[in-house]
Every structure is written in C-alpha cells, then in structure tokens.
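Visitor: The following block contains a protein sequence and its predicted model.
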Amino acid sequence: MKRIPSVSFMLLILIVLMIAGTNLAHTASQSVTVNNVKINYIEQGEGDEVIVFIHGYCGALGNWKRVLELLPREYHAYALDLRGFGQSEKPGSYQLNEMIEDINAFSQELGIEKFTYVGHSLGGKIGYKFALEHPDVLKAMFLIAPAPAHDFIPPEQRAVFLDQMMMVFNSPEVLRGFIAEDFAVPPSEKDMDEFINDVMAADPAAKKESATWWIGTNLEPQLKDIRVPTFILAGAKDRLPLDLERRYANAINGCLFEVLENNGHMIPYEDPQKVVDLLKSFIEDEIKQ
C-alpha cells in the first residue's frame, strides 16, 4: 500500500520552501506595468548576458541581495517581485499561468530578447513551466532548491494542508518559530524581521491561491520536454529529499545537478558566493560555447 505523507510532515517540508527576503538598500526599485499589473523590480549591471531572478513562495526580490552584491557588473541582472508579493501590485488573481505571462511580458516590455532564468524554491516550479511555455526567450535555466515539480499533497489532504499553511503564513509569531528551524545557520534577528515583513506584505489571497496550484499542479511528466540548458542546485541539509531533486534533474535532457553538502534550502542566503560561482561557470561553459 502506498504510504501517504502526513499533513504535519508536509507542512514542515513546505516551510523550508519559503523564500527569505531582505531589502536591497543600495539599489532603487522601479516598476513596469504588464498585463495590467504593476510589477516591482530592481536592475543592475550593463552586460550583454541578461539574468532574471525569481523568488518563491511568500518571498520578495530582496531574497537575492547577497547574490546580487557578488554578481559581476558585466551581467545585466533583474530581480522581480511576483504579482501579489513584495511591492508589486495585488490584483486579486494569482494563477501559475498569470505569473508566467507576467515574466514573459516583463522581458518584452524591457526589450530583453533572451535571458537566463534563475529561480529559487517556488521560483523553480514557475521556471519549469516557463521553460515549457516560452523556450524561445530562454538561454538557460538555473534552479536553486526548486519546489516539487509534482503534485505533492494528496487531494484528500489539501484543504487541511492549506488551512494549516494560512495559519502559519498569516501569523508573524507562529512564522518566527518555524523560520528559526529552517536554516542550516539561523538567520540574524535583522534578517528574521525583514523576512517576516516580506511574508506579511504579501496579499493573503496570493498566499492561498499560489499555494493551491503549487501543491496541486503536476509538471513532472512534462520535464522531459524542456529543451533549454538547465542546472539544478540542491542542499544536502534541505528537508526536501535530494532524491526528488535528482529525479527532476534526470528527467530533463542534459540537466546538470550539484549538491552543496553544508547548505539547506536557503542557499542564496547561506552560500551566495557559491551560487554566483556556479552560475557564472554555467553561463560561460554551457551558453557561451
């Protein structure tokens, strides 16, 4: 008989898939309206190689602060707040396809012909779908601890699971207790406060609607159809099982896969230099050749 994971266990898995955000103090944010939604973003660098950074569940563009500080200026980087999150507009509708089309429209509005997609956690699952829908605009895809590609909560458990999620993500006090256990090295109090502020800034409807398609959308059978160069980076101390990440990497033709032994789920926080080094090597070796 197939064993169904408990709701409480899967909730713990969910928590480690969150994206921690901090304010990018040295880069002024901008906004652009696409699909009738104002999207908040930051931009740095002036090179020909364009990179678009996408955060994950209940996160914000500040998640990429440490990575962007180390990224050489010859890379032209953008980091976005998804609709309903961070400082982007909260239109009330937050379907997966809407977020994908926002990213595509964003690139068109800013005149970006091709770019490397970098996604963390839920941004990874969005990346899978983006690569399937818009491969023509992608040079490559670099995913960090991507959220499960399959529908990982059984249908009969989803309502209870979502209720428990909302109890956590709408309560700063409850959230603080979970976050403290979800880093290989606990974050500072300053980072903790900024992370909680990002979660609380999200539209409650965005939290629930995006979580609904996250746990209920199965993209795994389509991974074999991804045709852009892909790299998946995972942390050995992540509660998300490594065999899942390997399974997804094996399903994508030619996908590179690497595990950081001393990192958990929050790799952009824990080892931003390693992220930058691997991203640079990936772009130089796999894209520029």
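Guide: Yep, that arrived. Residues are numbered from 1 along each chain as shown.
Visitor: Residue 59 - how many residues pack around it?
Guide: Neighbour count of residue 59, defined by other C-beta atoms under 10 Å: 26. The way it works is simple: take the backbone N, C-alpha and C, and place the C-beta from them, glycine included.
Visitor: In terms of pLDDT, where does the most centrally placed residue in the chain sit?
Guide: Ranked by distance to the mean C-alpha position of the chain (C-alpha atoms, centre = their mean), the top residue is residue 123 at 2.5 Å. As predicted, residue 123 sits at a pLDDT of 97.
Visitor: That one: what's it in contact with?
Guide: By C-beta atoms under 8 Å, 6 or more residues apart in numbering, residue 123 lies in contact with 19, 53-56, 59, 143, 146.
Visitor: farthest-separated two in those?
Guide: Maximum pairwise distance in the contacts of residue 123, criterion C-beta to C-beta, is 14.7 Å, between 59 and 143.
Visitor: coming back round to it: and the residue nearest to the centre of the chain, how far is that from residue 190?
Guide: 23 Å (C-beta to C-beta, to the nearest Å).
Visitor: Equivalent analysis for residue 137, please.
Guide: The gap separating residue 137 from residue 190 is 37 Å, by C-beta to C-beta.
Visitor: which one of the two has more residues nearby?
Guide: The neighbour count for residue 137 versus residue 190, taken as other C-beta under 10 Å, is higher for residue 137 (19 against 9).
Visitor: can you pull up the bridge partners for the residue nearest to the residue nearest to the centre of the chain when sequence neighbours are not counted?
Guide: With C-beta to C-beta, 6 or more residues apart in numbering as the measure, residue 54 is the residue that lies nearest to residue 123, at 3.8 Å, once sequence neighbours are left out. Counting by DSSP bridges, residue 54 is bridged to residue 80, residue 119.
Visitor: show me the contacts for residue 54.
Guide: Applying C-beta under 8 Å, 6+ apart to residue 54 gives the contacts 80, 82, 103, 117-120, 123, 126-127.
Visitor: Out of these, flag the one nearest to residue 186.
Guide: Nearest to residue 186 among the contacts of residue 54 is residue 120, at 18.9 Å by C-beta to C-beta.
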